[in-house]
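Enquirer: need a 3D model of the sequence below.
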Amino acid sequence: MKLIRDLSQLDDTLRGGAVTIGNFDGVHRGHARIVEQLKNLATKHNGPAKVFTFDPHPVRLLRPQLAPPPLTWTSRKALLLEELGVDVTVVYPTNPSLLELSAEDFFQQIIVDALGAKALVEGPNFAFGKGREGTIEVLQLLCDTNEVELQVVQPLLEEEDYVSSSRIRRAVAAGDIDSARRDLTRPYRLRGMVTHGMKRGSEIGFPTANLDAIDTLIPAPGVYAGVAITESCSLPAAIHVGGNPTFKEDDHKFEVHIIGFEGNLYGQIMEVDMLSRIRGTVSFESAAQLKSQLQQDVAEAREIATEYLMRSRG
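Expert: Residues are numbered from 1 along each chain as shown. This next block holds a predicted model:
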């Protein structure tokens, strides 16, 4: 994986070719359509297929109160793009100087001088430069002037709505992991640090790893099937998000019961692929009733996750 954070690291082998610019949050099937055309143009112009993205999202500097919670962290995004066939991902540090560049200066300094682009691929709503003054029409004029080929890719329309990061965020926030999974190129993944919890799960036979410091959007409360990814293995998991009304606990938690795992994970980073929502959060009259329901939840989660793992391992 080539992930570059400094434009000075772009040697001659990484210049030229085709470039697409955007946030690519989540890396969904609409992004895959853009990347497919990016690869075609890169081949045509005998150069690499490059994605130019930003860290952090420009909105976090311009209007932080409106910044959406991310779907993907940077290194994960680069890996997903590499899976689609991208040769190099350039992650540019967003700063006030970048945001002050006019559309013309951004095009000259970044696209022409730094990236050496021979071709660009963008969506019809692409905008760049200070105040988003660089519309797709402005981009076409600049490309024509500088002999850079421009291809505009229409967004992917499905069920009378466009596949987009915003649509996926709405699905995840509502707990509709199944819809989000259909739109993404890979299952929705979170990561966090394993910390100590109340040990309620252990008391009734379902020990959990409690994740803190999750840096992406957390799904709505409920019970989910997924895959837990540790340093040593990937195993089916039943995941609980939210409070524990049975024990009158309102703290919002992210708890992962790794099916068939025994060991100590405290202090480790764990990643979790969310596959499907099993049910919402329910208050049970007793711990025994909760345990009975958890047995059903774990059995369903095991079936869903095992089937997914068998397919993914081919």
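Enquirer: helices or strands up against the one helix or strand Lys291 maps to?
Expert: According to DSSP states H and E, Lys291 maps onto helix 287-312. Under the contact criterion of 3 or more CB pairs under 8 Å, 6 or more residues apart in numbering; DSSP states H and E, helix 287-312 touches strand 222-229, strand 234-244, strand 269-279. For every residue, glycine as well, the C-beta is placed using N, CA and C.
Enquirer: out of these, which gets nearest to Leu184?
Expert: strand 269-279 (10.1 Å; CB to CB).
Enquirer: measure how far the helix holding Lys291 is from the centre of its chain, please.
Expert: In terms of CA atoms, centre = their mean, to the nearest Å, the centre of helix 287-312 is found 25 Å from the chain centre.
Enquirer: what about the residue nearest to His45 when sequence neighbours are not counted, neighbour count?
Expert: Leaving out its chain neighbours, the residue that sits closest to His45 by CB to CB, 6 or more residues apart in numbering is Lys118, at 4.0 Å. A count of nearby residues for Lys118, using other CB atoms under 10 Å, gives 20.
Enquirer: list the contacts of Lys118.
Expert: 16-18, 45, 47, 148-149 (CB atoms under 8 Å, 6 or more residues apart in numbering).
Enquirer: quick one: mean pLDDT for the helix holding Lys291?
Expert: Helix 287-312 carries an average pLDDT of 93.
Enquirer: now stretch 83-102: how far from the chain's centre is it?
Expert: That offset, for stretch 83-102, works out to 16 Å (CA atoms, centre = their mean).
Enquirer: quick check: end-to-end length of it?
Expert: Stretch 83-102 stretches 33 Å from its first residue to its last (CA to CA, to the nearest Å).
Enquirer: show me what counts as buried in that stretch.
Expert: Across stretch 83-102, burial judged by 16 or more other CB atoms under 10 Å covers 84, 86-92, 94, 98, 101.
Enquirer: and those, which is closest to Leu156?
Expert: Nearest member of those to Leu156, counting by CB to CB, is Leu84, at 13.9 Å.
Enquirer: between the helix holding Lys291 and strand 234-244, how big is the angle?
Expert: Our comparison of helix 287-312 with strand 234-244, counting by axes from the mean of the first three to the mean of the last three CA atoms, to 10 degrees, yields an angle of 140 degrees.
Enquirer: work out for me the element Ser179 sits within.
Expert: Per DSSP H and E, the secondary structure element for Ser179 is helix 177-183.
Enquirer: quick one: contacts of the helix or strand just after that helix?
Expert: Counting by DSSP H and E, the next helix or strand C-terminal to helix 177-183 is strand 188-195. Outside strand 188-195, the residues within contact range by CB under 8 Å, 6+ apart are 26, 71-73, 76, 168, 172, 177, 180-181, 209-216, 218-219, 254, 265-274.
Enquirer: restricted to buried residues, select the contacts of Lys118 in ChimeraX.
Expert: Typed into ChimeraX, the line below selects the buried ones among the contacts of Lys118, using 16+ other CB under 10 Å:
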select :16,17,18,45,47,148
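Enquirer: just the contacts of Lys118 now: which is nearest Glu307?
Expert: Ala18 (37.6 Å).
Enquirer: which residues touch the closest one?
Expert: So Ala18 contacts 38-39, 41-42, 44-45, 47-50, 117-121 (CB under 8 Å, 6+ apart).
Enquirer: which of the residues you listed are buried?
Expert: For these, buried by 16+ other CB under 10 Å: 38-39, 41-42, 45, 47-50, 117-121.
Enquirer: so can I have TSV of those residues showing secondary structure, distance to Asp161 and pLDDT?
Expert: Output for the buried ones among the contacts of Ala18, formatted as TSV (DSSP: H, G, I helix; E, B strand; the rest coil; distance: CB to CB, whole Å; pLDDT from 0 to 100):
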residue	secondary structure	distance to Asp161	pLDDT
Leu38	helix	24	98
Lys39	helix	26	98
Leu41	helix	28	98
Ala42	helix	30	98
His45	coil	34	98
Gly47	coil	35	97
Pro48	coil	33	97
Ala49	strand	28	97
Lys50	strand	29	98
Ala117	coil	31	98
Lys118	coil	34	98
Ala119	strand	29	98
Leu120	strand	26	98
Val121	strand	22	98
